[in-house]
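Asker: Curious how this folds, go ahead:
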Amino acid sequence: MDHAALLPEASQSAHHIDVLFFSLTAASTAIVILVAGLIIGFSVHYRRGSKADRSALPKLLRREFETGWTLATLLAFLALFGWAAAQDFSLQRQPSDPMEVHVVAKQWMWKVQHEGGQREIDALHVPLDRPVRLVMNSQDVIHSFFVPAFRIKQDVVPGTTERLVFRAVETGTFRLMCAEYCGTRHSAMTGKIVVMKPEDYAAWLAEQPEGDALAERGEGLYTTLGCSGCHAQTGTIRAPDLRGVYGNPVPLSDGRIVTADDEYLRDSILEPRRDVVAGFQPIMPSFAGKVSEGDIVALLAWLRTNGDEGEQP
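Answerer: Modelled structure (predicted):
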């Protein structure tokens, strides 16, 4: 029976991963059979009482045999490693214009928000044959986003932003699960990926309540949390200007220069005294425990669109 009948190859990378998996399985099986055959053959040939020749092989022959066996094993390993590494790098390659979806993992659900603000719980609707980039965060413990039909799995670690790209090539509903034990109801942390034709997806999206777009919600949080009181040009306390800061270099008080990416900005919200911007005092309070993971995702979405990205902070 074709393995695809048991588990569909529903993403662009699924077939390549299957070929790699079954090739490694076949190579491992061949090695096991070879070693087991040699053990059994030698056990029978050199059994006690047999008349097999037990004299030592010539030294030159022993050296050639050992060298050849070692080199053959090394080259086979390097070939398999190179193949697997190339496959992994291709999965990490970012498409030019993906559809971005934000995912927050928490005990015990997947919270999804689309670019237009549409929200889902334990479900993700995506269009057929369009690259999708998931921007994932965990609110509590380590989770693992796993879709067997797509052959994709990504650990979602608290305090970091993980990204996962896929392109669905088959319509249907596919199972989503957490592949990392995350608590007593880990087995219930399941969901579904619904792949729709582009026109059907557009119709579904239009029927969903949009709510506040991520960037708009982040802008509101920027005001309600009091950030504007310091970071705005009219702020009462001198703090770094956040207009156009995302993606630009930021000089720190210890002489280092870092890029204002998601990780740096997240740390600046939760641990503001760790990387202090040059020329400013470490007086910003920590917002750890005061903002949820969803709030941080919204703030980062607003910072990505705040001001001219080419403008230096």
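Asker: which residues in the stretch 201-313 of the chain form strands?
Answerer: Applying DSSP state E, counting those that start in this stretch to the stretch 201-313 of the chain gives strands spanning 249-251, 257-259.
Asker: Now these in a markdown table, please, with extra columns for mean neighbour count, distance to V277 and mean pLDDT.
Answerer: Backbone N, C-alpha and C define where each C-beta goes, glycine included. Formatted as a markdown table, those follow (neighbours: other Cβ atoms under 10 Å; distance: least, Cβ to Cβ, whole Å; pLDDT from 0 to 100):
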| stretch | mean neighbour count | distance to V277 | mean pLDDT |
| --- | --- | --- | --- |
| strand 249-251 | 15 | 6 | 87 |
| strand 257-259 | 12 | 10 | 86 |
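Asker: Ok, which of these comes nearest V157?
Answerer: The closest of those to V157 is strand 257-259. By Cβ to Cβ, the value is 19.7 Å.
Asker: For M284, what are phi and psi?
Answerer: phi -70, psi 130 (degrees, to the nearest 10).
Asker: doesn't G229 make contact with it?
Answerer: No: taking Cβ atoms under 8 Å as the definition, M284 is not a contact partner of G229, at 11.1 Å.
Asker: So for these two, which residue has more residues nearby?
Answerer: Using other Cβ atoms under 10 Å as the criterion, M284 and G229 rank with M284 on top: 20 against 13.
Asker: Grab the nearest non-local neighbour of that one.
Answerer: Nearest residue to M284, sequence neighbours excluded (Cβ to Cβ, 6 or more residues apart in numbering): P272, at 3.9 Å.
Asker: could you measure that neighbour against D241, distance?
Answerer: Here P272 is placed at a distance of 16 Å from D241 (Cβ to Cβ, to the nearest Å).
Asker: who has more neighbours, these two?
Answerer: The neighbour comparison of P272 against D241 (other Cβ under 10 Å) goes to P272, with 18 against 15.
Asker: Now do the same contact list for C178.
Answerer: Residues near C178 by Cβ atoms under 8 Å, 6 or more residues apart in numbering: A105, W108, H143, S144, F145, F146, H186, M189, T190.
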